[in-house]
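Participant: Got a predicted model here, sequence first, then my questions.
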Amino acid sequence: MASLLESGWLYLTTNFSDFQLASLGSFIIHEGVFFLSGLPYLMMECWGLQKYKIQRKVNTPAAQEKCVLRLLLYHTCVNLPLMIVSYPVFKYMGFTSQLPLPSWKVISFQILSYFILEDFIFYWGHRFLHTKWLYKHVHSVHHEYATPFGLTSEYAHPLEILFLGFATIFGPAITGPHLFTLWIWMSVRVLETVEAHCGYDFPWSLSRLLPIYGGADFHDYHHRLLYTKSGNYSSTFTYMDWIFGTDKGYRKLKGLQKPGSEVEGRVVDRQENIVLGRSRNLVERRSTIMD
Ligand SMILES: [Zn+2]
Ligand SMILES: [Zn+2]
């Protein structure tokens, strides 16, 4: 297995330059992982699969089409140039693509570190994006979808795409990783953010197995509430919101939803109605914000 992987890697590094692999290669892998993981959730929404869906509302075909077309445009005109211009930084920081491939122990440690760093940067940047001016002019684009589906994870203003890119490549840039580690990091980060926006909370979702992992239910709450009240700013974990008290509304709602809660049925219905009511009013409220 290892030798097969290394043979494949040797083929890549002898036929393509480091620059081609780090820019175009990374772009192809990103597009492949993003659309292959995001499209099934879009199909599930189109087919009307309601079991495990977090919100009852579904997006119109026009809204779904707008998201896909905008993504193709931004990925080509923003993400690809960003991958090209960040190459000299990676090279300067010690980036390599040479054999031998790093051990799985090194890869796991680096990727866990990248997740922690990215989550920290994302949390503070995201809170900043929820201030009035930045929300109105930048972050409201991402929040156009109050009922997210996987592909909406990267639907954002170009300036926000630059911020997301910075948060994602900061860890690798300071450690100067192996290209193999960089591609794995990029793939798992894409899978994580697509899952957080998928709109479905499955019994097998990672958030149910790992309590500090946010996941779809955690981030869906962020999308369906008014921008000043949403909380849940972290990208991957839940502890930053817990430490800084920005998950109080979400925890209160989840507390009410616990089986056996004395007010479980009636109040949860009421809470969800409040949430859904806010969601329905969001477009009207947003137009007020835009004024
Ligand atoms: Zn937000
Ligand atoms: Zn989001």
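Facilitator: Arrived safely, thanks for sending. Ligands and ions are numbered 1, 2, ... in the order given.
Participant: Return, as residue ranges, the portions of the stretch 1-150 of the chain with sub-threshold pLDDT.
Facilitator: Along the stretch 1-150 of the chain, the model assigns pLDDT under 70 to residues 1-2.
Participant: What is the burial count for the residue lying closest to K91 once chain neighbours are set aside?
Facilitator: Distances taken as CB to CB, 6 or more residues apart in numbering put D18 closest to K91, at 7.4 Å, once the chain neighbours are dropped. No exception for glycine: its C-beta is placed from N, CA and C like everyone else's. Neighbour count of D18, defined by other CB atoms under 10 Å: 17.
Participant: just L72 next, same as before
Facilitator: Per other CB under 10 Å, the neighbour tally for L72 reads 12.
Participant: show me the contacts for it.
Facilitator: If you count contacts by CB atoms under 8 Å, 6 or more residues apart in numbering, L72 has none.
Participant: what residue is smack in the middle of the chain?
Facilitator: Nearest to the geometric centre of the chain sits T193, at 2.4 Å (CA atoms, centre = their mean).
Participant: Quick check: closest non-adjacent residue to that residue.
Facilitator: That would be S153: by CB to CB, 6+ apart, it lies 4.3 Å from T193.
Participant: got a pLDDT number for that neighbour?
Facilitator: Looking at S153, its pLDDT stands at 96.
Participant: follow-up on the earlier one: show me which residues of the helix or strand harbouring the residue nearest to the centre of the chain are buried.
Facilitator: Counting by DSSP states H and E, the element that carries T193 is helix 179-196. Across helix 179-196, burial judged by 16 or more other CB atoms under 10 Å covers 179-187, 189-196.
Participant: Check stretch 80-95 too.
Facilitator: For stretch 80-95, the neighbour count (16+ other CB under 10 Å) marks L80, L82, M83, S86, Y87, F90, F95 as buried.
Participant: Same question for stretch 47-60.
Facilitator: Result for stretch 47-60 [16+ other CB under 10 Å]: buried residues K53, I54, Q55, V58, N59.
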